[in-house]
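> structure for the following, please:
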Amino acid sequence: MARVVAVHGIGKQTLGAQSLHRLWLPALNDGLTRAGSASLLTSPDVAVAFYGDLFRPEGEFLAAGDPPYTAADVDEGLEQELLFSWWKAAADSDPAVVPPDADTLISTPRSVQAALRALSGSRFFAGVALRAMVFDLKQVSRYLTDTGLRAEALARATDQIREDTRVVVGHSLGSVVAYEALCARPGHSVRALVTIGSPLGIPNLILHRLQPPPITLGDQPRGVWPGSDRLMWTNLADGGDVVALVKDLRPAFGKQVRCAVVHNGATAHDASAYLTDRLCGQAISDGLA
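Okay, here's the model as predicted:
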């Protein structure tokens, strides 16, 4: 039985539970070491809730990799709104990215192509092919709108959360899966939820689409607390992580959430960079204690 359940993020469709386990375990232990933990995790202590294959197209001869998406494949609504949000966030943190409202774009429509072109020159998306960027957008969109896929992804996470699971760590889209999985398991024994690079606090695009839906308190939607009052929730976000648009989750989920900004360098959204941080190791150690 695993004491720690790891829920991965977007773009992992070509990996699997075992390959991600090999990446996450040493990073988790590095974080614990930096936090001064006296004991480290062993292989049986960690389980990966893998759902990336749900987004992987069936293989065909003479075809490989992600679907050959172009700017024309970014759908109106959620996908375009999320793309433009990424563009604005990247421009806010990276001087090399032309902002959406720059004077140089006055004669250029605020188009999907312009957004993808601007993001391709950012530090955050350096080396990411256009089709992969569009595929990442579609993974978020499909999870939130495809009820069958969402149910299967949640089932894989809830199946890994057992009686002796004490910590759940969710990265990127995996933080949404982890949150919803805990909400779907009332009475669970998890002591710590650790979300890293999370989009959970983005209003309208993510927060309003959660299951269960947030409760409206005055003018502010408030997400359901994913456990008992004893659950410790820690959220970590890098200042340049455009996926984690909202760094402080307290307005959306309550003042009990411990929120911190970390510094991952050039790998702002990378799971390993988050996991090796001392604050992440401390949050996991607190849950295991």
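> which strand residues bridge residue 222?
Note on residue 222: beta-bridge partners by DSSP bridges are residue 215.
> wouldn't it be in contact with residue 252 here?
Yes. Counting by Cβ atoms under 8 Å, residue 222 touches residue 252, with 6.9 Å between them. To be clear about C-beta, it is placed using only N, CA and C from the backbone, and glycine gets the same treatment.
> what about the two, which has more around it?
residue 252 (20 against 15; other Cβ atoms under 10 Å).
> so what's that one closest to, chain neighbours aside?
residue 201 (4.5 Å; Cβ to Cβ, 6 or more residues apart in numbering).
> circling back to that earlier point, what residues are shared contacts of residue 222 and residue 252?
Listed contacts common to residue 222 and residue 252 are residue 214; contacts here mean Cβ atoms under 8 Å, 6 or more residues apart in numbering.
> what's the pLDDT at the nearest residue to residue 93 once chain neighbours are set aside?
Nearest non-adjacent residue to residue 93, counting by Cβ to Cβ, 6+ apart: residue 240, 4.2 Å away. pLDDT for residue 240: 87.
> tell me the SS of residue 240?
coil (DSSP: H, G, I helix; E, B strand; the rest coil).
> show the contacting residues for it.
Counting by Cβ under 8 Å, 6+ apart, the residues that residue 240 touches are 93-94, 123-124, 264, 268.
> one more pass at 7 Å, please.
93-94, 124, 268 (Cβ atoms under 7 Å, 6 or more residues apart in numbering).
> for the closest residue to residue 199 other than its chain neighbours, what are its contacts?
Leaving aside its sequence neighbours, residue 199 sits nearest to residue 206 (Cβ to Cβ, 6+ apart; 5.0 Å). Neighbour list for residue 206: 176, 199-200 [criterion: Cβ under 7 Å, 6+ apart].
> how close does the nearest residue to residue 120 once chain neighbours are set aside get to residue 252?
In this structure, residue 120 finds its nearest non-sequential neighbour in residue 130, 6.6 Å apart by Cβ to Cβ, 6+ apart. Distance from residue 130 to residue 252, counting by Cβ to Cβ, to the nearest Å: 31 Å.
> low-scoring stretches of the stretch 51-200 of the chain, by residue?
Low-confidence segments of the stretch 51-200 of the chain (pLDDT under 70): 58-67, 102-110, 126-129.
> just checking, what's the longest helix in this structure?
Taking DSSP state H as the criterion, the chain has its longest helix at helix 17-34.
> domain map for this protein?
Structural domains assigned to the chain are 4-55+147-288, 71-144, following automatic domain parsing.
> so which of the ones you listed is the most packed in?
domain 4-55+147-288 (a mean of 19; mean count of other Cβ atoms under 10 Å).
> rewinding a little: distance of the residue nearest to residue 120 from residue 282?
Residue 130 is 38 Å from residue 282, by Cβ to Cβ.
> with residue 85 instead?
30 Å.
> over to residue 79?
For residue 79 relative to residue 282 (Cβ to Cβ), the value is 36 Å.
> then residue 116?
Applying Cβ to Cβ, the value for residue 116 to residue 282 is 38 Å.
> repeat that for residue 125.
For residue 125, the distance to residue 282 - Cβ to Cβ - is 30 Å.
> list the contacts of residue 173.
9-10, 139-140, 143 are the contacts of residue 173 under Cβ under 7 Å, 6+ apart.
> please apply the same query to residue 88.
99-100.
> surely it is within a helix?
Yes. Membership of residue 88 in a helix is supported by three-state DSSP.
> for residue 195, phi and psi?
Main-chain torsions, residue 195, degrees, to the nearest 10: phi -110, psi 130.
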